[in-house]
Structures are given as C-alpha cells and as structure tokens.
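>>> Have a look at this fold, sequence not included:
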C-alpha cells in the first residue's frame with residue numbers, strides 16, 4: 001500500500017486538470033469527417049505521433065509486470081523492449097506504402113494488396129483479439145494494479161477493484177468518444193512525460209538506495225545477462241532473438257493499434273520522424289521499468305525492503321523510497337499508462353468496425369453518419385470491456401499465462417503476408433489469403449493443445465508439438481507459412497499491375513519516390529543510426 005500525503009493529491013489533481021484541458025482543446029476541433037475523427041485530419045506532427053506510439057505501447061504490464069519480470073528473471077524479457085530498430089523500419093520501409101495509399105486500417109491495406117477476403121479475415125481476427133484480450137486484459141490489470149498499489153479494499157461500499165476498473169474505462173471512454181483520435185494523440189503528449197519522469201525518479205532513487213550500479217550488478221549477477229543458453233527451457237537465445245523479431249515486426253509494423261498513429265501524420269516526413277522519436281523513447285523501458293525490478297530484488301537481498309512476490313516490486317519501491325509529491329507523479333504516470341493504452345484500443349477498435357465493416361456494407365453513408373457510428377462503436381467496445389471483467393476474474397490466470405503465447409501464435413502468419421506482400425509482386429492474392437488462414441489455424445491449434453494439455457497422451461505427435469518451446473514454435477510457424485505462401489504463389493494468378501500500383505516496392509510510382517526522397521533529411525539518417533547504435537551497445541554491454 002502507498003500512503004499519500006496532501007501534496008501527492010495536489011499533484012494528481014494538477015495532472016487530471018491538465019488532461020481535461022487537453023481533452024477540451026481536442027473537442028473544440030470539430031470533426032468534419034472520418035479522416036478528422038479516426039486520423040486527426042491526417043495533420044499530426046512528429047511530436048504527437050512519437051508520443052502516442054510510445055504511450056499506446058506502455059501499459060500496466062510495463063510499470064508493474066516488467067518490474068516483476070526484472071525481479072524474477074532479470075534481463076530475460078528485455079529483448080521485447082529493445083525493438084526501437086523495428087519502429088525505425090516502420091518509418092523507413094512501410095510508412096511510404098501506408099500513408100501514401102491513404103488507407104484507414106491495416107485490413108484495408110491487405111484488401112488493396114490481396115483482395116476483400118483477406119481484409120475481412122484480418123478485420124474479424126483483429127476485433128475479436130482486441131476486445132477479448134487487449135481491452136479486457138488492460139481493464140482487468142488496471143483495476144488490480146490500482147487496488148494493489150493504493151491498498152484500498154472498498155470505496156463507497158463497493159469493491160475498489162470494480163470502482164477502479166470501471167472508472168478507468170468510463171473516463172477514458174468519454175474523452176475517446178468525444179475527442180476522437182485528436183484527443184488520443186494530444187493527451188499522449190501530457191501522459192508520456194509524466195510517465196517517464198515518475199519512472200526515472202524510481203530508478204534514480206532505487207540505485208542510490210542499493211549503493212550504485214556496480215552493487216546492483218553484483219547482487220543480480222547472472223540475471224544481468226540478455227543471452228541465455230540455447231538449452232534454457234524458457235528463454236533460449238535463438239528463440240528469443242528470432243521469435244521476438246517476428247512478434248515485434250507484427251506488433252510495430254502491421255498492428256492497427258500502433259500503425260494508426262503514423263496514418264494520422266501530415267506527411268511521410270512527419271510519420272517517419274514520429275517513429276524516430278518513438279524509437280528513442282522505446283530505449284527507455286529496460287532502464288525505467290525493468291531495472292526497478294532488479295533494484296527491488298537487490299534491496300530485498302540486502303534486507304532493506306521485504307518483497308513477498310516479484311509483482312510487488314513496483315508498489316514496494318514507490319511506498320518505501322519516494323517522498324511526498326513524488327509519489328503523486330509516479331501514480332499519475334501509472335494512471336497515464338493505463339488510460340493511454342485504453343484510449344488507443346478504443347479508437348483503433350472503432351476504426352476497424354466503422355471502416356472495415358459498416359462502411360463496406362453501407363457505402364452510401366455520409367461522413368457525419370460514419371463519425372456517429374465510430375462514436376457508437378467506441379461506446380460498444382467500452383461496454384464490452386466492462387461486461388468482460390467478471391469473465392476475466394474467472395480466467396485471468398489463464399489469460400495472463402497465455403497472453404504472450406497468443407501473440408506468438410497470431411504474429412507469424414500476419415507478419416509473413418505483410419512482409420512478402422510488400423517486397424514481392426509475385427505473391428498472389430490467393431497465396432496471401434491462404435497464408436493468413438494457415439497461420440491462424442496452425443497457431444490456434446497450438447493454443448488448443450496448450451489448453452487441453454492434461455488430456456493429451458504423452459509420447460505422441462501432439463504431445464511433442466506441445467513440448468516445443470513457444471518461441472521455437474513461433475519461428476517454425478513463420479517458416480511454414482512462408483513456404484505455404486511461396487508455394488501457392490507458384491500455382492495461382494498474381495494481381496494485375498493496376499492493383500499493385502503504389503503498394504509494393506516494385507510498383508512505387510515516380511511521384512511517390514520523389515515525395516519520399518524529398519522528405520528525407522540527413523538528421524533523420526543520423527538519428528536512426530544513433531538509435532540502432534545504442535541498441536547494439538546495450539546488447540554488447542549486457543550480453
């Protein structure tokens with residue numbers, strides 16, 4: 001439990017006042033059409049894009065879960081946080097296709113590359129996964145985290161878990177519905193610095209309490225290494241390196257949840273520079289979220305704090321190390337992380353439903369009607385998030401245990417279809433659709449095996465598939481889908497040149513190339529190189 005002083009409450013009040021002011025500003029910018037509501041009028045600059053990408057990515061699993069992972073397994077989970085270079089790939093390689101084609105959603109891009117069937121299939125999978133995993137897990141985690149951190153059991157006669165969870169959903173839902181993408185983007189500008197400042201304070205204070213970085217390394221010893229033996233049952237280095245790359249590419253370069261931010265850019269240059277800023281910000285989580293877990297473990301070993309479980313690392317550090325006022329900043333950062341993740345999920349889900357379903361079946365709908373549907377879709381997603389909470393309470397342990405696994409099973413098929421489709425004109429529409437289906441079926445088959453593992457007899461083929469490390473399975477699934485897509489392409493008809501115009505590297509028009517080249521500055525190249533160099537340096541330092 002974290003005990004608040006009056007100053008902490010004043011700090012939190014100031015944070016919410018600033019947030020309300022920003023939302024009010026966004027609401028004053030009237031939405032004339034769907035471009036305004038879902039993509040902020042395609043007029044966002046690099047600052048809000050980069051801030052929104054980072055804020056959307058950071059949730060309770062970073063402030064609490066990643067700290068707990070640091071306390072328990074050390075640097076093993078850091079690979080998923082050292083993916084700034086993949087965000088750079090989004091800006092340099094994929095933004096030219098996405099932005100110049102004027103799409104709203106990733107399924108819409110697949111329709112232009114492969115056909116309507118691929119769009120519908122990805123839309124359905126994305127919406128279901130958002131509502132039943134991302135939205136629900138974030139809402140559930142928010143309620144649990146706030147109840148744990150604040151140490152409040154009941155409020156106004158109600159279980160505080162419900163008050164916190166529903167409160168987060170309602171407040172975030174209100175400003176997302178009313179302000180649209182502009183509110184999501186601009187609130188990120190406030191939420192990101194609060195989140196970073198609060199986390200840096202914990203890092204600095206914790207290092208001082210431990211006795212410095214050298215002492216931290218001494219106590220954690222082997223836990224400070226990124227690379228584990230190939231025989232490691234959980235994080236073998238080949239699986240971690242290549243598996244995390246596949247999952248990272250899917251998440252950062254193809255998921256609507258993230259890519260919608262660059263689609264809001266005023267141009268290719270702003271989108272690319274936004275990803276560069278996000279790349280810099282993404283270098284921070286290992287140090288400001290994972291390192292506090294290492295610090296908590298070290299302080300526990302020295303007898304300075306009592307750590308009952310790894311997941312208590314964040315709350316224990318805040319309650320024992322931070323002075324009045326600073327606690328308010330840190331909790332403000334926690335709330336900011338939860339709200340920014342939820343806002344992005346709500347808006348992305350509404351965009352997928354409105355553009356990929358409603359507009360396709362009601363093409364005659366006016367722009368004003370589509371905006372209304374978008375708002376209603378956001379409300380529905382908010383309601384579903386609340387309704388799903390009781391179910392989450394019953395199966396939360398299962399979902400938390402399999403959340404990373406589910407991502408590793410969804411990612412390979414989608415990653416293959418996007419990657420091959422962008423770089424090869426020879427990949428056919430049939431092959432793309434078959435690849436999506438094959439990746440999903442093979443991935444979900446492994447998930448079903450996991451769920452019913454106790455009833456599967458040992459020694460058989462199914463049991464052998466089940467015992468394969470989840471990261472190795474992810475890599476194998478990626479290779480299998482690649483072979484399927486390439487094989488089907490050999491026997492099916494490719495798309496015509498008109499369909500491929502501007503959406504593969506081999507079909508970029510002269511005008512597109514000129515626009516891309518005109519927006520490149522030497523500083524974009526320099527900053528991108530710096531981010532890659534820092535990432536390599538971190539790997540070398542903690543090898």
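Everything's here; your move. These figures come from a predicted structure and were not determined experimentally.
>>> all contacts plus neighbour counts: C-alpha atoms, from now on.
OK.
>>> what sits against residue 99?
With C-alpha atoms under 8 Å, 6 or more residues apart in numbering as the criterion, the residues that contact residue 99 are 262-263, 265, 267-268.
>>> Now do the same for it: its pLDDT.
Residue-level confidence at residue 99 comes out at 74, pLDDT.
>>> the strands in the stretch 51-200 of the chain, which residues?
Counting by DSSP state E, counting those that start in this stretch, the stretch 51-200 of the chain forms strands over residues 154-155, 158-159, given from the N-terminal end onward.
>>> if I look at residue 524, how far off is residue 92?
In this structure, residue 524 and residue 92 are 10 Å apart, going by C-alpha to C-alpha, to the nearest Å.
>>> Settle it for me: which of those two has more neighbours?
Neighbours were tallied for residue 524 and for residue 92 using other C-alpha atoms under 10 Å; the higher tally belongs to residue 92 (22 against 16).
>>> Quick check: which element contains the closest residue to the more buried one other than its chain neighbours?
Beyond its immediate neighbours in the sequence, the residue positioned closest to residue 92 (C-alpha to C-alpha, 6 or more residues apart in numbering) is residue 272, lying 6.3 Å away. Assigning secondary structure by DSSP states H and E places residue 272 in helix 268-281.
>>> Could you check the angle the helix or strand residue 523 falls within makes with helix 268-281?
If you go by DSSP H and E, residue 523 is part of helix 522-541. Between the axes of helix 522-541 and helix 268-281, defined by axes from the mean of the first three to the mean of the last three C-alpha atoms, to 10 degrees, the angle is 20 degrees.
>>> Give me the distance between the closest residue to residue 244 other than its chain neighbours and residue 318.
Using C-alpha to C-alpha, 6+ apart and skipping the chain neighbours, the partner closest in space to residue 244 is residue 80 (6.1 Å). Using C-alpha to C-alpha, one obtains 25 Å as the distance from residue 80 to residue 318.
>>> Skip the chain neighbours and tell me the closest residue to residue 165.
Spatial nearest neighbour of residue 165, chain neighbours left out: residue 143 (4.2 Å); criterion: C-alpha to C-alpha, 6+ apart.
>>> picking up where we left off before, which of residue 80 and residue 318 has more residues huddled nearby?
Comparing residue 80 with residue 318 by neighbour count (other C-alpha under 10 Å), the higher total belongs to residue 318, at 25 against 17.
>>> which residues does residue 359 contact?
Listed by C-alpha under 8 Å, 6+ apart, the contact set of residue 359 reads 365, 370.
>>> Under a three-state scheme, what state does it occupy?
The assignment at residue 359 comes out as helix when based on DSSP: H, G, I helix; E, B strand; the rest coil.
>>> got it, and the one 10 residues further on?
Local secondary structure at residue 369 is given as helix here, using three-state DSSP.
>>> mind checking pLDDT for it?
Model confidence at residue 369, expressed as pLDDT, equals 82.
>>> can you count the residues close to it?
Burial of residue 369, expressed as a neighbour count using other C-alpha under 10 Å, amounts to 14.
>>> Could you do residue 118 as well?
Considering only other C-alpha under 10 Å, residue 118 is surrounded by 25 other residues.
>>> correct me, but it touches residue 436?
Yes. With contact defined as C-alpha atoms under 8 Å, residue 118 counts as touching residue 436 (7.4 Å).
>>> Surely the residue nearest to residue 244 and residue 248 touch.
Yes. Here residue 80 lies in contact with residue 248, judged by C-alpha under 8 Å, at a distance of 7.2 Å.
>>> list the contacts for residue 57?
258, 341.
>>> Now with 10 Å, please.
51, 251-252, 257-258, 282, 337, 340-341, 344 (C-alpha atoms under 10 Å, 6 or more residues apart in numbering).
>>> Out of those residues, who's the most crowded?
Neighbour-wise, the contacts of residue 57 (other C-alpha under 10 Å) top out at residue 344, 29 neighbours.
>>> Ends of stretch 204-219, what's the gap?
Between the opening and closing residues of stretch 204-219 there is a gap of 17 Å (C-alpha to C-alpha).
>>> For it, list every residue counted as buried.
205-207, 210, 216-217, 219 (16 or more other C-alpha atoms under 10 Å).
>>> same deal with stretch 161-173?
For stretch 161-173, the buried set under the neighbour-count rule, 16+ other C-alpha under 10 Å, comprises 161-166, 168-170, 172-173.
>>> Kindly state the pLDDT recorded for the residue lying closest to residue 281 once chain neighbours are set aside?
Counting by C-alpha to C-alpha, 6+ apart, residue 281 lies nearest to residue 54, which is 6.6 Å off, once chain neighbours are set aside. Taken from the predicted model, the pLDDT recorded for residue 54 is 83.
>>> My read is that residue 54 contacts residue 192, right?
Yes. Residue 54 sits in contact with residue 192 when judged by C-alpha atoms under 10 Å, with a separation of 7.5 Å.
>>> Low-confidence stretches in the stretch 401-543 of the chain?
Across the stretch 401-543 of the chain, the stretches falling below the confidence threshold (pLDDT under 70) are 401-405, 451, 453, 460.
>>> Please identify which helix or strand holds the closest residue to residue 428 other than its chain neighbours.
Distances taken as C-alpha to C-alpha, 6+ apart put residue 494 closest to residue 428, at 4.3 Å, once the chain neighbours are dropped. Under DSSP H and E, no helix or strand contains residue 494.
>>> what element comes up after whichever strand or helix holds residue 214 heading to the C-terminus?
Assigned by DSSP H and E, residue 214 falls within helix 213-220. Using DSSP H and E, the next helix or strand after helix 213-220 towards the C-terminus is helix 237-254.
>>> what pLDDT, on average, does that next one get?
Per-residue pLDDT values across helix 237-254 average out to 88.
>>> buried stuff in it?
Buried positions in helix 237-254, judged by neighbour count with 16+ other C-alpha under 10 Å: 237-240, 243-254.
>>> Tell me the spacing between residue 509 and residue 239.
Going from residue 509 to residue 239 by C-alpha to C-alpha gives 39 Å.
>>> same check, this time on residue 57
23 Å.
>>> go on, residue 314?
Summarising the geometry, the distance separating residue 314 from residue 239, computed by C-alpha to C-alpha, is 28 Å.
>>> From residue 242, how far out is the nearest residue to residue 74 once chain neighbours are set aside?
In space, and not counting its chain neighbours, residue 74 is closest to residue 223: 4.5 Å by C-alpha to C-alpha, 6+ apart. Using C-alpha to C-alpha, we find residue 223 at a distance of 21 Å from residue 242.
>>> cool, residue 213 as well?
Relative to residue 242, and taking C-alpha to C-alpha, residue 213 is found at 30 Å.
>>> what's the answer for residue 236, then?
Taken as C-alpha to C-alpha, the span from residue 236 to residue 242 is 10 Å.
>>> So for those two, which residues contact both of them?
Common neighbours of residue 236 and residue 242 (C-alpha under 10 Å, 6+ apart) are 471-472.
>>> Spit out the contact partners of residue 409.
247, 439-447, 470-471, 473-475, 477-478.
>>> Tell me, how many residues neighbour the residue nearest to residue 428?
Considering only other C-alpha under 10 Å, residue 494 is surrounded by 17 other residues.
>>> Which single helix of the protein contains the most residues?
If each helix of the chain is counted by residues according to DSSP state H, the longest one is helix 160-210.
>>> Please find the angle between the direction vectors of that one and helix 213-220.
Interaxial angle of helix 160-210 relative to helix 213-220 (the same axes, to 10 degrees): 110 degrees.
>>> so what's the residue nearest in space to the middle of the chain scoring on pLDDT?
Closest residue to the average C-alpha location of the chain: residue 57 at 3.8 Å, with C-alpha atoms, centre = their mean. The confidence metric pLDDT takes the value 79 at residue 57.
>>> go on, the one 5 residues further on?
According to the prediction, residue 62 has pLDDT 69.
>>> repeat for the one 10 residues further on
Here, the pLDDT recorded for residue 72 equals 78.
>>> any idea how far it is from residue 319?
Residue 72 sits 20 Å away from residue 319, going by C-alpha to C-alpha.
>>> Residue 407 now?
Residue 407 sits 33 Å away from residue 319, going by C-alpha to C-alpha.
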